[in-house]
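*Asks:* No sequence on hand, only this structure:
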Ligand SMILES: Cc1ncc(COP(=O)(O)O)c(C=O)c1O
Ligand SMILES: N[C@@H](CCCC[NH3+])C(=O)O
């Protein structure tokens, strides 16, 4: 088993993360439990930033907070000097509540509401990534009476089919996001933005998809965008100061995944952007990127307690854990694959193959199919790796299952950063039909 970050097996044969025994963590915080290896998040953030710095490129590395948004995570992003991508009022509110510098916040979304835009204008965020004509219109309308000017990027869809799951593709022509680059929409959006009194057009944004292992898609996107930038420079006297190529860098969930290092994505992107700019006689724009999964994905591990078991003779052994699609929706939604070990028997050789079921009332609530494991029972803990991105952030209360807490681990210290939801929380927003809720 290849562990991630500071993960290793300690002298008790237990999985250790950030110098903390995971069995001890469970004694203290219970299961299910999300555990984050903070040193690994810092390492990822620094590696992205350093690649730009080494090549002397003006850049912003914006953490895509949709991957995992909590006050503590946003504060960690700030400590590491990252910018922040938010995609809703809730993520924006979290950033503000965390004290994140507003001028380093970039606001995404294909249907930002008036209230959300209002809040973002009031907070004076750094940039709006405008997705459609309606947003151009309402943003101008909201800014005019305040006599405020806001920075914007136009999100374009370059017409690229990156190799990833269909549900997480975003750069193809037939996408709900952005202005079509090929069909004249992007040209029209540039005209509208340039005419507007209160929108300061900084440049272009594009995001081709998520969990991408090759650089080709990013490079083709950059080339296609530059063809337009050249036209816009010649025909509209508009020169882009910023090119944001989004996130999407893939990570290793299982041994079948073979991602290139984060620095390689960045180096190749920089190379192409410089090349294109030079070829077209333009200044190299500032390059912004928005990694989410590659910032936090492999830093997260979920700890579960093993529970019931069911054998379907000659077919399979189901082993159930005390969580499931309520804390990790990805297997049910994308057929995502994960690796796991018994946290308390981390160096014991497997002696059976089991399929890990969640506890939700849904046949599709399966976390891992056909996983080799040592024989296990209720005294054992399952550690599922690489759950740091889109795990907690997509967690839900299906079956009124409370969401697990989140613990940050660094240098042998554990810090609770999200509390466990309680059953009271499950009825917190409910209003009774009768006077009293029976307890
Ligand atoms: C606009 C945008 N930026 C950044 C991201 C982050 O992607 P990832 O987590 O794959 O790096 C996403 C999600 O796919 C996105 O839609
Ligand atoms: N939620 C997705 C990625 C979403 C990408 C956001 N545009 C995942 O878990 O892989």
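*Replies:* Here it is on my side, so go on. Please read all numbers here as calculations on a predicted model, not as lab measurements. Ligands and ions are numbered 1, 2, ... in the order given.
*Asks:* Can you tell me who residue 20 pairs with across the strands?
*Replies:* residue 17 (DSSP bridges).
*Asks:* From ligand 2, how far off is it?
*Replies:* According to C-beta to the nearest ligand atom, to the nearest Å, residue 20 and ligand 2 sit 26 Å apart. Where you see a C-beta, it was placed from the backbone N, CA and C, and this is true even at glycine.
*Asks:* what do you get for residue 230?
*Replies:* Between residue 230 and ligand 2 the computed distance is 29 Å (C-beta to the nearest ligand atom).
*Asks:* what pLDDT does that residue get?
*Replies:* If you check residue 230, the pLDDT there is 95.
*Asks:* Could you verify my assumption that residue 282 touches residue 231?
*Replies:* No: taking C-beta atoms under 8 Å as the definition, residue 282 is not a contact partner of residue 231, at 11.7 Å.
*Asks:* distance of residue 247 from residue 207?
*Replies:* Relative to residue 207, residue 247 is positioned 6 Å away (criterion: C-beta to C-beta, to the nearest Å).
*Asks:* same deal with residue 128?
*Replies:* For residue 128, the distance to residue 207 (C-beta to C-beta) stands at 15 Å.
*Asks:* Same question for residue 267.
*Replies:* Using C-beta to C-beta, we find residue 267 at a distance of 19 Å from residue 207.
*Asks:* Between these two, which has more neighbouring residues?
*Replies:* With neighbours defined as other C-beta atoms under 10 Å, residue 267 and residue 207 compare such that residue 207 has more, 28 against 17.
*Asks:* sec struct for the residue nearest to the more buried one when sequence neighbours are not counted, please.
*Replies:* In space, not counting the residues next to it along the chain, residue 207 is nearest to residue 246; the distance is 2.8 Å by C-beta to C-beta, 6 or more residues apart in numbering. Look at residue 246: counting by DSSP: H, G, I helix; E, B strand; the rest coil, its state is coil.
*Asks:* can you give me phi and psi for residue 246?
*Replies:* Here the main-chain torsion angles of residue 246 (degrees, to the nearest 10) amount to phi 70, psi -160.
*Asks:* For burial, what's the neighbour tally of it?
*Replies:* When neighbours are defined as other C-beta under 10 Å, residue 246 has 27 of them.
*Asks:* where does the stretch 51-200 of the chain come near ligand 1, residue by residue?
*Replies:* Contacts of the stretch 51-200 of the chain with ligand 1, taken as C-beta under 6 Å from any ligand atom, map to 64, 67, 85, 108, 170.
*Asks:* can you do 8 Å?
*Replies:* Where proximity means C-beta under 8 Å from any ligand atom, the interface of the stretch 51-200 of the chain facing ligand 1 comprises 64, 66, 67, 85, 87, 108, 129, 155, 168, 170, 177.
*Asks:* Tell me which residue of the stretch 51-200 of the chain lies closest to ligand 1.
*Replies:* Using C-beta to the nearest ligand atom, the closest approach of the stretch 51-200 of the chain to ligand 1 is made by residue 64 at 3.6 Å.
*Asks:* what about the residue nearest to residue 398 when sequence neighbours are not counted, is that helix, strand or coil?
*Replies:* Here the nearest residue to residue 398 in space, its sequence neighbours aside, is residue 326; by C-beta to C-beta, 6+ apart that works out to 5.0 Å. Following three-state DSSP, we place residue 326 in the coil state.
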